[in-house]
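Novice: The sequence and its predicted three-dimensional model are supplied below.
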Amino acid sequence: MKLVNTSEDVLKKSGQINDHEEVLRLYDEHSSEVKDWDEPEHKSQWCPGCGNFAILLAFKKAMVSLKIRPEEVCIVSGIGQAGKFPHYVKCYGVETLHGRALPVATGVKLANKDVNVVVVGGDGDGFGLGMGHFVHSARRNLDVTYLIHNNEIYGLTKGQTSPTSPKGTKTVSTPNGSIETPIHPVEQAITNGATFVARCFAGDMEQTVRVMAQAMKHKGFAIVEMLQPCVSYNPSKNHQYFKERCIRVEESGDYNPTNKNWALALVHREKAGLIKDEKIACGILYHNDSERGTYLDELPESADLALVKQDISNVDIEGLLDKFE
Amino acid sequence: MQNKISIKVGGPAGEGVFTVGLLLAKYFKLNGLEVVYTTDYPSLIKGGHNTCSIRAEDGPVYAEMKHHDVVACMDKLAVQEDVSSRNHTGIVVTDSKLVESMNLQDDFYVGIPIDSLIEDVGKRFKNTIVFGAIVGLISVSEEDAKEFISQTLSKHFGKKSQEIIDTNIDVALRGVRFVNEHVSHKKLNKIVKIENTTQRVMMTGNDAAALGALKAGLKFVSEYPMTPSTSFLSFFAAREISHNITTKHAEDEIAAINNVIGAAASGARAMTATSGGGYALMNEAISFAGMSENPVVIFECMRAGPSTGLPTYTDQGDLMHVLYSGSGEFPKVVFAPGDLQEAFYGGFEAFNIADLVQTPVVVLLDKHISASVMTTPRFDTSNLVVNRGNFQEFDANLELENYKRYELTQDGISKRVVIGQKGGCHVNSSYEHDESGWTSEDGEMHKLQMEKRHKKLNNIDKELIKPKILGRESDYDITLVSWGSNKSILQEATKYLEQDGIKVRQIHFMFLNPCDWEYVDEILRIDVEKNSVMLFEGNMTGQLHSLIRMNTGLNILEKKLKYDARPFFYEDVYRDVENFLKKRGMNIVGGNQK
């Protein structure tokens, strides 16, 4: 893909010149590796320095590492800056309505179980309008991967408080500071029954690629919270902020991701502000393949053949009509 | 002797009022008669007041009657509410306890000592004894009654044990015997079995539409329960395994329609069903399906609104809502079947049309047709062809080249692929897009894509979108216009009007969009100008009336609008037509309408 024509002025103003240069460097380094997944025609509409660039590169690298073909993947997105994701990846995409990516993805997957379905959306999309679908998708345990980009702000509508913004956030929609407590994505995912829950910062490219690939391989609903700087509307949480705080959770001594209680204890410490030096645990926080089967495992009608591949040219209803005689 | 009867049963919810109705409907069908069985019930589970009406004749019947030969009242409230709906020779069957306690002295009351007749088997057989008593009153002989009661109950309780079937037969026959011994002097039409050589089925409009969808190769259903559309969900859920259909009870209607859009984008034939409120929730997604050109089929079963309204009652108030739902301008197909045949073939054809024009197709039903049980000739499926339009079936050995999902073509239709097809990668988008699917805000491209989408509707069969002329095409005194389920009710009225020498032309609007408005103008202009057209609609504001006026300028002056949440009675239609013609100076002999 073509990255934006970066105007030095814009980058300097946002204080992100170094970050963006780093992204450009990364793209140069990996361009040949991910070329099968590139949409070279499409010029990005993201702001220079946006966290999405690194997430996008990580995603393509993860796809390469999984050795799957572009037509085997469908990215279903909501509306928002993250929602533009499918346009920048060469594979199938459905750019849905704001907040409705999960139900569309559910339909895509149930109709064609052979497709790897990835859902991409932002915090406003997923936890605002989409919250109800999020809860039901988690309990459904359909085999799809949900990358939820969290920059704690509405970007596309120019900077309003989001459901994940910390209490007290001052934006144009909450000039006196937000009153509500933010949603904790990892907590929501685990308590609603997701069987794979992770958090990543694409500034750690190696870990992000690895976790995304594992999320895709996981049989069941996999959620990856993507921590993401918004250079335009949430500049205090920039690349530097996350770089200083994000740590690889798998390297910590008590790491125990198959234990839900361990993961929830971490969540509670975070919510209570008890984490030393504001470190942010990144990596797989909960993962249990054996907890329960996926939704599709329970559907005999497409066990042998995906619904879209079944012959419908001459369905026999005569036996049924007999019953109405 | 005439094989012609209308029966009403009233009683509290949970006491088997509808079982009595359904048993009678099956009984009449076994006797070779044509049947209409309708229900009227409030939105609750136990108590309240339910009624149903069963009408049977040896010729076609399409609608319930206002007044009945037999009214069966299963409790005190039913006596208070329903006795007035007997016709002038009609009888009322009720519990002899009520005859006594309510001091019901008129000789049209037939008291059945229900408690003593079912003392040994228990109160749950109350409906069976009432069924038996009614059969006793209308059957020519006890042997005859016995034969058809056995057949009816064996069919009805088919899956239950022989013991349950036998007990029910025994109890029903006690009812027969009681009336034969005690009330044989009551005059009633007797039902005689006739040889009916037409192979027939008996079902609801929702059943018929669902069977059509099944035949069309439906693979995916997502629905949130909402009366009167809920039976679609249970119909398909029961056939998930036998017919390989994934049926999802979604978390809400917004999820349901978006599930369906996803499945359609994947390449499966997919549908949802709902009522007005649920359809309102789907509006944004319907516009999305229009923009992204995903073929989705929606069955909208109208109930009386606005808002939660009268959930279990009928209405035609959603026509404009459905026609103009969704933001922006995009093509949408809307049609309203008028009877079971149209519901079945429409249910089938909806999917061919959706695949042909790749846009939302809304099939408008209403509670009257959705939930009423009727007999109809068995559907002939031998000529039904699944046509997927411009669609690339999945082919693992094929790699498409230069594929463009939204290619600008002569007829506006571009090729769809199964998600997963090699060479078919594209973004299926709710944003305006260029031919490849890439978001485009270019003014010229927006215009081209708008025109592309809209001209797709021109590909629909020109004959299909003309309103149907029923009965006389020329030499008529009056033209009756309606849409949807009122077709059948006007057909009934027409039958009796014609018997009385009134020449009727009936026009039924099945397709509301697209619709051949030039043709409408052609067949209506002269008659509208002569003021010899009457329009019947089940809503308050005359929505079809407005639509006709909007598209042709024709202003039909005589409109009969019914918005009491009940269907039209053909007897009222008859009277309306008679009065209108009398007012215009026509001399009418009359008298046959009963």
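Specialist: Thanks, I have the structure now. Computed from a predicted structure; not experimentally measured.
Novice: could you pull out the strands for the stretch 401-550 of chain B?
Specialist: Per DSSP state E, counting those that start in this stretch, the stretch 401-550 of chain B carries strands over the ranges B:416-417, B:427-429, B:468-471, B:478-483, B:504-509, B:511-513, B:533-537.
Novice: The fifth one pairs with which strands?
Specialist: Neighbouring strands of strand B:504-509 in its sheet, by DSSP bridges, are strand B:468-471 (antiparallel), strand B:478-483 (parallel).
Novice: Please name whichever of those is nearest to B:Ala371.
Specialist: With C-beta to C-beta, the closest approach to B:Ala371 among the strands paired with strand B:504-509 belongs to strand B:478-483: 18.6 Å. To be clear about C-beta, it is placed using only N, CA and C from the backbone, and glycine gets the same treatment.
Novice: and that closest one, how far out from the chain's middle?
Specialist: 19 Å (C-alpha atoms, centre = their mean, to the nearest Å).
Novice: for the residue in the stretch 201-325 of chain A that chain B sits nearest to, what are its contacts?
Specialist: Per C-beta to the nearest C-beta, A:Ile312 is where the stretch 201-325 of chain A lies closest to chain B, at 2.6 Å. A:Ile312 makes contact with B:Ala216, B:Gly217, B:Lys219, B:Arg269, B:Val386 under the criterion C-beta atoms under 8 Å, 6 or more residues apart in numbering or on different chains.
Novice: Including distance to chain A and pLDDT, could the residues you listed go into a markdown table?
Specialist: Formatted as a markdown table, those follow (distance: C-beta to the nearest C-beta, whole Å; pLDDT from 0 to 100):
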| residue | distance to chain A | pLDDT |
| --- | --- | --- |
| B:Ala216 | 8 | 98 |
| B:Gly217 | 3 | 98 |
| B:Lys219 | 4 | 98 |
| B:Arg269 | 7 | 98 |
| B:Val386 | 5 | 98 |
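Novice: Kindly indicate which of the residues you listed lies nearest A:Glu22.
Specialist: Using C-beta to C-beta, these come closest to A:Glu22 at B:Lys219, 47.3 Å.
Novice: Can you classify B:Thr39 by secondary structure?
Specialist: At B:Thr39, secondary structure determined by DSSP: H, G, I helix; E, B strand; the rest coil is strand.
Novice: Tell me what it is bridged to.
Specialist: Note on B:Thr39: beta-bridge partners B:Cys52, judged by DSSP bridges.
Novice: Quickly note the distance from A:Ala213 to A:Cys200.
Specialist: 11 Å (C-beta to C-beta, to the nearest Å).
Novice: again but with A:Leu321, I slipped
Specialist: 55 Å.
Novice: Can you pick out the residue with more neighbours from those two?
Specialist: A:Cys200 (26 against 18; other C-beta atoms under 10 Å in any protein chain shown).
Novice: How about the more buried one: what's its closest non-neighbour residue?
Specialist: With sequence-adjacent residues excluded and distances taken as C-beta to C-beta, 6 or more residues apart in numbering or on different chains, A:Cys200 is closest to A:Thr208, at 4.3 Å.
Novice: same for the helix or strand where the one you found lies, what does it pack against?
Specialist: Here A:Thr208 sits within helix A:205-217, counting by DSSP states H and E. With contacts taken as 3 or more C-beta pairs under 8 Å, 6 or more residues apart in numbering or on different chains; DSSP states H and E, helix A:205-217 sits against helix A:52-66, strand A:145-150, strand A:196-201, strand A:222-227, strand A:280-287.
Novice: repeat that for 7 Å
Specialist: helix A:52-66, strand A:196-201, strand A:222-227, strand A:280-287 (3 or more C-beta pairs under 7 Å, 6 or more residues apart in numbering or on different chains; DSSP states H and E).
Novice: What's the first helix or strand after the first one?
Specialist: Scanning the chain past helix A:52-66 towards its C-terminal end, the next helix or strand to appear is strand A:73-77 (assignment: DSSP H and E).
Novice: average pLDDT for that next one?
Specialist: In this model, strand A:73-77 carries a mean pLDDT of 98.
Novice: With stretch B:481-493 instead?
Specialist: Stretch B:481-493 comes out with an average pLDDT of 96.
Novice: For B:Ile232, pull up the helix or strand it's in.
Specialist: That one is not Ile; residue B:232 is Phe. Residue-wise, B:Phe232 maps onto helix B:230-237 under DSSP H and E.
Novice: is the very next helix or strand once past that helix anywhere near chain A?
Specialist: Counting by DSSP H and E, the next helix or strand C-terminal to helix B:230-237 is strand B:246-249. Yes: interface with chain A: strand B:246-249 contributes B:Thr246, B:Lys248 (C-beta under 7 Å from any C-beta of the partner chain).
Novice: Which of the residues in strand B:246-249 are classified as buried?
Specialist: B:Thr246, B:Thr247, B:Lys248 (16 or more other C-beta atoms under 10 Å in any protein chain shown).
Novice: Please name the nearest non-neighbouring residue to the last one.
Specialist: What it means is B:Lys248. B:Ser222 is the one closest to B:Lys248 (C-beta to C-beta, 6+ apart), at 4.2 Å.
Novice: What does the one you found show for phi and psi?
Specialist: The phi/psi pair for B:Ser222 (degrees, to the nearest 10) reads phi -130, psi 130.
Novice: still on that earlier bit, make a markdown table from the strands of the stretch 401-550 of chain B and add distance to B:Asp120 to it.
Specialist: Compiled in a markdown table, the strands of the stretch 401-550 of chain B are given as follows (distance: least, C-beta to C-beta, whole Å):
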| stretch | distance to B:Asp120 |
| --- | --- |
| strand B:416-417 | 65 |
| strand B:427-429 | 66 |
| strand B:468-471 | 53 |
| strand B:478-483 | 52 |
| strand B:504-509 | 53 |
| strand B:511-513 | 57 |
| strand B:533-537 | 51 |
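Novice: Closest one of the buried residues of strand B:246-249 to chain A?
Specialist: B:Thr246 (5.1 Å).
Novice: does the closest one have beta-bridge partners, and which?
Specialist: Beta-bridge partners of B:Thr246, as defined by DSSP bridges: B:Phe220.
Novice: Count the neighbours of B:Ser116 for me.
Specialist: Count around B:Ser116 with other C-beta under 10 Å applied: 12.
Novice: pLDDT wise, what is it at?
Specialist: 95.
Novice: secondary structure element for it?
Specialist: helix B:114-117.
Novice: For that helix, enumerate the helices and strands it packs against.
Specialist: Here helix B:114-117 touches helix B:126-138, going by 3+ C-beta pairs under 7 Å, 6+ apart.
Novice: contacting residues around the helix it packs on?
Specialist: Defining contact as C-beta atoms under 7 Å, 6 or more residues apart in numbering or on different chains, one finds that helix B:126-138 is touched by B:5, B:7, B:15-16, B:19-20, B:23-24, B:27, B:70, B:72, B:74, B:93, B:112, B:114, B:117-118, B:145, B:149, B:168, B:171-176, B:178-180, B:186, B:188-191.
Novice: hmm, which of those are the buried ones?
Specialist: B:5, B:7, B:15-16, B:19-20, B:23-24, B:27, B:70, B:72, B:74, B:93, B:112, B:114, B:117-118, B:145, B:149, B:168, B:171-176, B:178-180, B:186, B:188-189, B:191.
Novice: can you tell me which of those are in strands?
Specialist: In this view, those that belong to strands under DSSP state E are B:Ile5, B:Ile7, B:Val70, B:Ala72, B:Val93, B:Ile112.
Novice: Can you pull the phi/psi pair for the closest residue to chain A within the stretch 1-150 of chain B?
Specialist: For the stretch 1-150 of chain B, the residue closest to chain A is B:Lys29, as judged by C-beta to the nearest C-beta, at 8.7 Å. Backbone geometry at B:Lys29, expressed as degrees, to the nearest 10, gives phi -60, psi -40.
Novice: Kindly report the same for B:Met374.
Specialist: With angles defined as degrees, to the nearest 10, B:Met374 sits at phi -140, psi 160.
Novice: Okay, and the residue of the stretch 1-150 of chain A found nearest chain B sits in which element?
Specialist: The nearest approach of the stretch 1-150 of chain A to chain B comes at A:Gly107, 2.4 Å away (C-beta to the nearest C-beta). Using DSSP H and E, A:Gly107 sits in helix A:101-111.
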